[in-house]
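Colleague: Curious how this folds, go ahead:
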Amino acid sequence: MPRFSVIVPVYNRIDEVSELLESLAAQTCRDFEVLIVEDGSTEPCDGVCARYPFVKYCYKENEGRSIARNRGMELASGDYFLFFDSDCVIPPVYMAVLSEELDRRQLDCFGGPDAAHDSFTPVQKAINFAMTSFMTTGGIRGGKVQLEKFTPRTFNMGFSRRVWERVGGFREMFSEDIDMSMRIRREGFSMGLIRQAAVYHRRRQDFAKFRRQVYVFGMSRITLKLLYPGSLKLVHTLPALFLAGTVVSVLLGAFVSPWWLLPLGLYVAALFVNALADTRSLKIALMAVPASLIQLYGYGAGFIKAFVQKILLRRGRDEEEEINIRKGKNERL
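Modeller: Residues are numbered from 1 along each chain as shown. Reported below is the predicted structural model:
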C-alpha cells in the first residue's frame, strides 16, 4: 500500500497531464500512486495515462473538480491524499522531501508554495510574480513572509486519510480548497506549511484569463466570509482598498493636482524594481507590472461586487450560505 495517493482532476488537459506525469515518473521517492480523474473531458487523456504503471485512470461525467477529487479519494489506497492541479510540474525530490518532513513532524494537513519553472513563458512568469509577491498578495500563498495564517490550496495540498474520514470531501464551490482547509482547522487537526515542498505552477497563458480568475477569487472571498464569520482578514480587503484608492487618486490627479498620482507612480516603480530583482529579467519585470495591477484590480473588483450584492443588498446568497451564516451567528451567542 503506497504512503501517498496523488489525486488530479482533469478536463481537456492532455498536454498538461503528460508533463505532470513525466515529472512524477522522475521522483526519487516512489512510495505513491496517481489517480487521474477525468471529469467528462471531450478529449480524454487515457492514452497518456496508460504509459505509466503507477497511474489509475477514472473517467466520469462532468460534475466539477471538487466532485472529481472526491471520487479520487474514494478510489485511493494511500495513507495521505495529495492534490495538484493538472498544470503543475513536480520537482524530482518533492516526494522525498515530503516523506522526510512528515517523519519529522506530525501534520494532518499540509501544503507548499508554488514557483515558475525556467521553461515557462514570460507571461506565466509575470503572472507567477503577481500571485506570489508580498507586494501583491501579502504572501498568503506560502511565501516567506505572510500576513495571514497559512492555508493549503489544491495546487499543492495534502491531508491524511483520517482527515477525510472525519471532515468529508470538497464542496463544489469557488475557493473550495480554502473552504476545505477551514473545515479541517475547525476540527482541530494540525496544519502546516512545508516550505521545501514547492511545485512549479504553470498558471494562465494570457492576461484576459488571469483577470477572470482573480475576479472570481475576489467574489469567492465574500462567500467564505459568509460561510465562516470572522475569517475575513485585513489582507483580503487590500486589493479592494487599492482599487478604491486608485480611483480617488486618478480623479484628484485629473481635477485637483497631478501630485495626487505620485503614490500610485511610486508603487508601480516599486513593483518593477521588486520584479526585476526577483526574476532577473527586464522583459518579465515589465510584464509583471500589468500582471500585478490586473491581480489587484481584478480581485478588488470581484470583492467589491460580491460585498455589495451579498452583504449590503443580501442578494445572490444560496441556501447553504444562509444555513452556515445562521449557524455562525448562533455559535457566537
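
Colleague: Please enumerate the helices of the stretch 201-333 of the chain.
Modeller: Along the stretch 201-333 of the chain, the stretches classed as helices by DSSP state H, counting those that start in this stretch are 207-227, 234-255, 262-279, 282-306, 319-332.

Colleague: average pLDDT across the shortest one?
Modeller: It refers to helix 319-332. For helix 319-332, mean pLDDT rounds to 45.

Colleague: can you check the longest one too?
Modeller: The average of the pLDDT scores along helix 282-306 is 97.

Colleague: Using neighbour counts, pick out the buried residues of it.
Modeller: For helix 282-306, a neighbour-count test (16 or more other C-beta atoms under 10 Å) marks 284-285, 287-289, 291-306 as buried. Backbone N, C-alpha and C define where each C-beta goes, glycine included.

Colleague: Same question for stretch 76-95.
Modeller: Those would be 76, 78, 80-91, 94-95, for stretch 76-95 by 16+ other C-beta under 10 Å.

Colleague: Just the ones of these in helices?
Modeller: Tyr94, Met95 (DSSP state H).

Colleague: quick check, nearest of the buried residues of stretch 76-95 to Glu165?
Modeller: Nearest to Glu165 among those is Phe81, at 11.1 Å by C-beta to C-beta.

Colleague: so what pLDDT did the closest one get?
Modeller: For Phe81, pLDDT reads 98.

Colleague: Quick check: it vs Met182, distance?
Modeller: 17 Å (C-beta to C-beta, to the nearest Å).

Colleague: tally of neighbours for the nearest residue to Asp179 once chain neighbours are set aside?
Modeller: In space, and not counting its chain neighbours, Asp179 is closest to Arg171: 5.8 Å by C-beta to C-beta, 6 or more residues apart in numbering. Counted with other C-beta atoms under 10 Å, the neighbours of Arg171 add up to 16.

Colleague: list the contacts for Phe303?
Modeller: Gly218, Met219, Arg221, Ile222, His236, Thr237, Pro239, Ala240 (C-beta atoms under 8 Å, 6 or more residues apart in numbering).

Colleague: And Gly302, by the same measure?
Modeller: Per C-beta under 8 Å, 6+ apart, neighbours of Gly302: Val214, Tyr215, Val216, Phe217, Gly218, Met219, Ser220, Arg221.

Colleague: For the nearest residue to the third one once chain neighbours are set aside, give me the pLDDT.
Modeller: Nearest in space to Val216, with sequence neighbours left out and distances taken as C-beta to C-beta, 6+ apart, is Phe174 at 5.5 Å. Here, the pLDDT recorded for Phe174 equals 87.

Colleague: Doesn't Phe174 lie inside a strand?
Modeller: No: looking at Phe174 with DSSP: H, G, I helix; E, B strand; the rest coil, it is coil, so not inside a strand.

Colleague: and the gap between it and Met191?
Modeller: Taking C-beta to C-beta, one finds Phe174 at 21 Å from Met191.

Colleague: Just want to know which of the two has more residues nearby.
Modeller: For the pair Phe174 and Met191, the greater number of neighbours falls to Met191 (18 against 15), based on other C-beta under 10 Å.

Colleague: Look up the closest residue to the more buried one, ignoring the ones flanking it.
Modeller: Cys109 is the one closest to Met191 (C-beta to C-beta, 6+ apart), at 4.4 Å.

Colleague: The one you found contacts Met182, correct?
Modeller: No: the pair Cys109 and Met182 does not pass the contact test of C-beta atoms under 8 Å, sitting 10.8 Å apart.

Colleague: With that, I have no additional questions.
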